[in-house]
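Enquirer: task: produce atomic coordinates for the following.
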Amino acid sequence: MEPIILFPFTDLPVELAFMILEYAARPTFDQADLYDARSPYSSALALCRVSKIVRRIVLPELLHTILLPDFRHVEKFVHALRMQKVYEEKGSDLHFEYAPRVHKMWIVSHGGNLAPAHLPHALRAHAPKPSRSSLDISLLAPILLAAPSLALGWTSLDILVECLEHVWKLRAITHVENEHSPLPWKTQTLTLSCTPPTTGPQWERLTDTPQGSTFLGSISHLSANPYVCDNKSHTTDSCRDYHLPLWMGITPWAFFKSLQTVFLSYPRIASSVDPFALIFTGIDSYVELLTLSASLLRDHCDRIPKEIKGFAEIGPGEECIQSDDVRLKVSDSRICWYTRDGWEKVWACML
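Expert: Below you'll find the model as predicted:
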């Protein structure tokens, strides 16, 4: 038996060592485990504790896609921003500029309720909304609005409203003599998660303010899961029709002046699946991504279709174009789909 030759990590070329650390730090969003059971950021967080140099290498991977599934995580993230502010004021080498590294950000899931994610659904539905006094909007807004892709639960929409109000006022102060100053956000893709309203003043919270209407007018891509996160939110047949969500009928499409596409994701799960498996063990599933052109919705807002006819059967990784306005693509690989965090996985891995 030949002896095992040990090669110290420190003997590697610096560039190769950096590449290995970056690869090891990438969050495992496609993992089979529930995010509550094992954080997809666990490797990155562990590496951050190795040394200051390793931390600085790993942080861009950690910050690329930020997943904050309940208000408790939002509070912790804002606390980290406060620490960064202190580090900056003290000139500490622990200071790291978050905003340029954030590409995707998800705040609040499971129906958009701000209650902790570990509560049962019935308790979460009646849980009181926590106070936002612990959130420093002046710290959160520059990070949240720096992300080109932003995902929100509908009942956390007020976080976005407050952030927009903050940066809009700041823009007015800093660009008094410049009417054509750049917009104070980089958001291009907006994802609205879980149960959207079919009635009520939700959209008006954005359309009734100059900053809100301007924000909607700058969005290029809108994404949402079609239904409530339950056993009705998936397809059972690769050739079936796709029922569009009711909220599309009350969406103020005219405000989405820059909108190009709307994405709706449907996990492909057999009708015979055990519903308990969706909750406790997960189901390996391909995901169908239905893409609609903005013109189909914006130019025909008075007669938006209620369903899209099914496509011919297509396999993993394949795409089918039904018309200039409608296309469907199936994911290359399966994800382990749970009722609880299936939509987060689709967003993190596909959108």
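
Enquirer: quick check: residue 254 vs residue 261, distance?
Expert: Remark: distance between residue 254 and residue 261 (C-beta to C-beta, to the nearest Å) = 17 Å. Using the backbone N, CA and C atoms, a C-beta is placed for each residue, glycine as well.

Enquirer: ok, residue 339 next?
Expert: Residue 339 is 27 Å from residue 261, by C-beta to C-beta.

Enquirer: which of the two has more neighbours?
Expert: A side-by-side neighbour count of residue 339 and residue 261, using other C-beta atoms under 10 Å, places residue 339 first with 22 against 17.

Enquirer: please pull out the lowest mean pLDDT helix or strand from this protein.
Expert: helix 121-126 (a mean of 40; mean pLDDT, DSSP states H and E).

Enquirer: quick one: buried residues of the helix or strand just after that helix?
Expert: Sequence order places helix 137-144 as the next helix or strand after helix 121-126, per DSSP states H and E. Within helix 137-144, the residues that count as buried by 16 or more other C-beta atoms under 10 Å are 137, 139-144.

Enquirer: helices and strands around helix 137-144, which ones?
Expert: helix 71-90, strand 104-107, helix 157-174 (3 or more C-beta pairs under 8 Å, 6 or more residues apart in numbering; DSSP states H and E).

Enquirer: ok, now with 10 Å
Expert: Applying 3 or more C-beta pairs under 10 Å, 6 or more residues apart in numbering; DSSP states H and E, we find helix 137-144 packed against strand 65-68, helix 71-90, strand 104-107, helix 157-174.

Enquirer: average pLDDT for that helix?
Expert: For helix 137-144, mean pLDDT is 95.

Enquirer: any idea of the angle that helix forms with helix 157-174?
Expert: 100 degrees (axes from the mean of the first three to the mean of the last three C-alpha atoms, to 10 degrees).

Enquirer: quick one, helix 137-144 and helix 71-90 angle?
Expert: 100 degrees.

Enquirer: nearest to residue 248 among the helices and strands packed on helix 137-144 would be which one?
Expert: Of all the helices and strands packed on helix 137-144, helix 157-174 sits nearest to residue 248, with 17.1 Å by C-beta to C-beta.

Enquirer: which helices and strands sit right next to that closest one?
Expert: Short answer (3+ C-beta pairs under 10 Å, 6+ apart): helix 157-174 packs on strand 104-107, helix 137-144, strand 149-153, helix 204-207, helix 210-218.

Enquirer: may I see the buried residues of that helix?
Expert: In helix 157-174, counting by 16+ other C-beta under 10 Å, buried: 157, 159-161, 163-164, 166-168, 171.

Enquirer: now swap in stretch 285-302 and tell me
Expert: In stretch 285-302, counting by 16+ other C-beta under 10 Å, buried: 285-294, 296-298.

Enquirer: for the particular helix or strand that has residue 45 in it, give the mean pLDDT please.
Expert: Using DSSP H and E, residue 45 sits within helix 42-48. The average pLDDT within helix 42-48 is 95.

Enquirer: that older thread, can you redo the helices and strands packed on helix 157-174 as TSV with distance to residue 242?
Expert: TSV is the format used below for the helices and strands packed on helix 157-174 (distance: least, C-beta to C-beta, whole Å):
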stretch	distance to residue 242
strand 104-107	24
helix 137-144	31
strand 149-153	21
helix 204-207	27
helix 210-218	25
